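Engineer: The sequence and its predicted three-dimensional model are supplied below.
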Amino acid sequence: MSARGVGLLTYADRLGGDLTGLHGLLDGPLADFSGVHVLPFYTPFDGDDAGFDPIDHTSVDPRLGTWTDVAAIASGREVVADIIVNHVSSSSAEFLDWCARGEASPYDGMFLTLDTVLPDGADEASLTAFYRPRPGLPLTPVAVAGRRRIVWTTFEPTQIDLDLHHPAALAYLDRVVAALVSGGVHVVRLDAVGYAIKTPGSASFMTAATLEYVAALTARLRAAGLRVLVEVHAHHSLQQQIAPLVDLVYDFALPPLLLHGLGTGDVEPLLRWLEIRPENAITVLDTHDGIGVIDAGPAADRPGLIDHEQMRGIFERAARATAGHSAIASVVPQWAELPHQINTTFPSVLDDDAAYLLCRAVQLFLPGEPQIYYVGLLDGRDDVERFRATGVGREVNRHRYEPAEVREALARPVPQAILGLVRLRRDHPAFAGRFSWTRTGPAALRLTWADDDGAARLDLDADLGGASFAIRSTRGGASAVATTALELATIA
C-alpha cells in the first residue's frame with residue numbers, strides 16, 4: 001500500500017463471515033481500500049484471546065478458508081497479518097510435545113520458565129518489577145514429563161512465553177514466516193513484541209534489549225521480503241525510538257489527543273505531537289483493542305503529552321457518553337491508576353457525527369498510512385449484549401456483522417462520508433506533495449497538502465472547540481468545499 005492509500009482493519013469472520021466473504025466486500029463496496037489487515041485467521045481464530053493464541057500459527061482455520069484464499073485477497077491489495085512473537089498456545093503441538101517428553105523433546109528450552117527468566121531465584125521485588133497488562137503474576141504451573149514446572153505467561157495461562165534466543169523458538173518463527181510469505185502477506189505486525197525480552201531487575205517492557213531484538217527480527221523479516229509493523233502501547237517517546245528500526249509504527253497518541261481537544265478545547269497537546277510524531281506511522285482512531293489513552297500520557301519520570309488528570313477526563317467523558325458502561329468494560333491493569341484504553345467504539349464515545357468525521361478527516365490528512373477499523377467504518381455503536389455475554393470488555397468493540405447489516409450500514413451518510421475521505425486520500429494529487437499545518441484559532445488548526453506549483457491543494461480546517469470542519473479541494477482548475485457528511489461523500 002502506498003502512503004496515499006488507506007487500509008482496513010478487520011476480522012474475516014466478523015465482517016465477511018469468512019475469507020471468501022471478506023474478499024467479496026474488498027472487491028465490491030470496499031474496493032476503495034488499498035490494503036487490509038486481517039486480524040488472526042489462524043487455527044483457531046476464536047480461542048481464549050480472539051485468535052492471538054493460535055494452536056497452529058502456520059495454518060488458516062478451515063472454517064475461514066485456506067492460504068489460497070489469503071493469497072487471492074493479497075493479489076489485489078496489500079495484506080497485513082499478525083505474527084504473535086511473544087508466546088504460543090498451551091495447546092500447540094510444540095508445547096504439548098515438551099509437556100509429554102520433557103528434555104527428550106526437540107522443543108525443550110523453547111519456552112520460558114520461572115528458572116530461565118530468574119535463574120538466581122525469585123523474590124517479591126524481582127517478580128513485581130515485571131510489567132504485565134493483566135492482573136496477577138505471569139506464572140502458570142504445568143506438568144512436564146511428570147515434573148512440576150512453572151512457565152512464564154505474560155498474558156493468559158494458555159499463552160506460553162517463548163525464549164526468543166533459543167534455536168527451537170527461532171525455527172518456530174521461521175516456519176510461521178514461511179507460511180505467511182507463501183500466502184502472499186506483504187506486511188507483518190509484531191504482536192506483543194514489547195514484552196518479548198525478559199531482563200531481570202527491569203520492567204522488561206520495551207527496554208534497550210527489546211529494541212535490539214526488534215532490530216534483529218526486522219532484518220530477518222525484511223530478508224524474507226516483508227515490511228515490518230510494530231505494535232506497542234506505551235509512552236509516545238517509545239514510538240519515536242522504534243520508528244527508525246522498522247518500517248511502520250502506530251500513531252496511538254492521536255486518538256486521545258483528539259478526544260482531549262474536543263472535550264476541553266485545548267489543542268496544545270495535539271500541536272506538540274504534530275511537531276514530533278514519526279511520519280512512518282499507521283494512523284488510527286480505534287482498533288480491535290479499543291481506544292488507547294496510555295500512549296499520550298506520562299510514564300514514570302517522563303511527562304506525557306497530557307497528564308493523569310487530563311487522561312482521567314477522557315475516561316470520564318467517555319463514561320458519560322456511553323451511560324457508564326465504558327468504565328465497566330475498560331480494565332485497570334495491576335498496579336495502574338487508570339485503564340490503558342477505553343473499551344468502546346469511537347462513534348459511541350463521541351456521540352456526534354460532525355465530531356466523528358472531523359476526527360476521521362484529521363486522521364486521513366496526517367502523513368503516514370491511515371487504517372480504519374471495520375466497526376468505525378460502519379459507524380458502529382457499542383455491542384453491549386456481546387460484552388455482557390462474553391464478559392470481555394474489548395468485545396464491546398468487536399461486533400459481528402451479518403451481510404444485511406453491512407449493506408444497511410454502508411448506505412448511511414457517515415460511512416459514505418468516510419469512504420469519500422478514503423477516495424480523496426487515494427486519488428487526490430495533492431497528497432503526493434508537501435504537508436504543513438498551522439494553528440488558526442484557540443482550538444482550531446489547518447492541515448494542508450499541496451504540490452510544488454499549487455495546482456493541486458487540499459486544506460482541512462478543523463475546529464475542535466466547535467466540532468466543525470471544512471475541506472477545500474483544488475485540482476485541475478476545479479475546486480470544491482465539504483462541510484457535511486453528504487458533501488464529504490462526493491468530494492474530489
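Structural biologist: Sure thing, it's come through.
Engineer: Which strands or helices does the helix or strand hosting residue 271 pack on?
Structural biologist: Per DSSP states H and E, residue 271 falls inside helix 268-276. Counting by 3 or more Cβ pairs under 8 Å, 6 or more residues apart in numbering; DSSP states H and E, the packing neighbours recorded for helix 268-276 are helix 236-242, helix 254-264. Every residue, glycine included, has its C-beta placed from N, CA and C.
Engineer: distance of residue 122 from residue 113?
Structural biologist: 11 Å (Cβ to Cβ, to the nearest Å).
Engineer: Please read the previous query as pertaining to residue 52.
Structural biologist: 22 Å.
Engineer: which of these two has more neighbours?
Structural biologist: residue 52 (22 against 19; other Cβ atoms under 10 Å).
Engineer: so that one sits right up against residue 41, yeah?
Structural biologist: No - in terms of Cβ atoms under 8 Å, residue 52 does not count as a neighbour of residue 41; the distance is 11.5 Å.
Engineer: what's the first-to-last distance across stretch 273-286?
Structural biologist: 18 Å (Cα to Cα, to the nearest Å).
Engineer: what does it rub up against?
Structural biologist: Contact with stretch 273-286 is made by 7, 9, 229, 236, 239-240, 243, 247-255, 257-258, 291, 296, 305, 345-346, 359-360, 363-364, 366-373, 375-376, 397, 437, as judged by Cβ atoms under 8 Å, 6 or more residues apart in numbering.
Engineer: Which members of the residues you listed are classed as buried?
Structural biologist: 7, 9, 229, 236, 239, 243, 247-255, 257-258, 291, 296, 305, 345-346, 359-360, 363-364, 366-373, 375-376, 397, 437 (16 or more other Cβ atoms under 10 Å).
Engineer: In this structure, where is pLDDT below threshold?
Structural biologist: Along the chain, segments meeting pLDDT under 70 span 1-3, 334-335.
Engineer: Okay, and residue 188 sits in which element?
Structural biologist: Here residue 188 is assigned to strand 187-191, by DSSP H and E.
Engineer: Direction included, what does that strand pair up with?
Structural biologist: strand 78-84 (parallel), strand 227-230 (parallel) (DSSP bridges).
Engineer: Output those as JSON lines; include the columns distance to residue 216.
Structural biologist: JSON lines is the format used below for the strands paired with strand 187-191 (distance: least, Cβ to Cβ, whole Å):
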{"stretch": "strand 78-84", "distance to residue 216": "14"}
{"stretch": "strand 227-230", "distance to residue 216": "11"}
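Engineer: Can you tell me which of the ones you listed is nearest to residue 415?
Structural biologist: strand 78-84 (21.7 Å; Cβ to Cβ).
Engineer: what's in contact with the following helix or strand past that closest one?
Structural biologist: Using DSSP H and E, the helix or strand that follows strand 78-84 towards the C-terminus is strand 87-89. Residues from elsewhere that reach strand 87-89 (Cβ under 8 Å, 6+ apart): 47, 53-55, 57, 94-95, 111, 153-155, 158-162, 172, 192.
Engineer: same thing with stretch 387-397?
Structural biologist: 50, 286, 288-290, 325-326, 328-331, 343-345, 375, 380, 382-384, 386.
Engineer: Of the residues you listed, grab the buried ones for PyMOL.
Structural biologist: Per 16+ other Cβ under 10 Å, the buried members of the contacts of stretch 387-397 correspond to this PyMOL selection:
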select buried, resi 50+286+288+289+290+325+326+329+330+331+343+344+345+375+380+382+383+384
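Engineer: now residue 149, what's its secondary structure?
Structural biologist: Of the three states, residue 149 takes strand according to DSSP: H, G, I helix; E, B strand; the rest coil.
Engineer: Please report the distance of it from residue 141.
Structural biologist: Distance of residue 149 to residue 141, given as Cβ to Cβ: 7 Å.
Engineer: Which one's more surrounded, these two?
Structural biologist: residue 149 (17 against 10).
Engineer: Report the contact partners of the residue lying farthest from the centre of the chain.
Structural biologist: Relative to the centre of the chain, and counting by Cα atoms, centre = their mean, the farthest-placed residue is residue 146 at 40.3 Å. Taking Cβ under 8 Å, 6+ apart, we find residue 146 in contact with residue 102.
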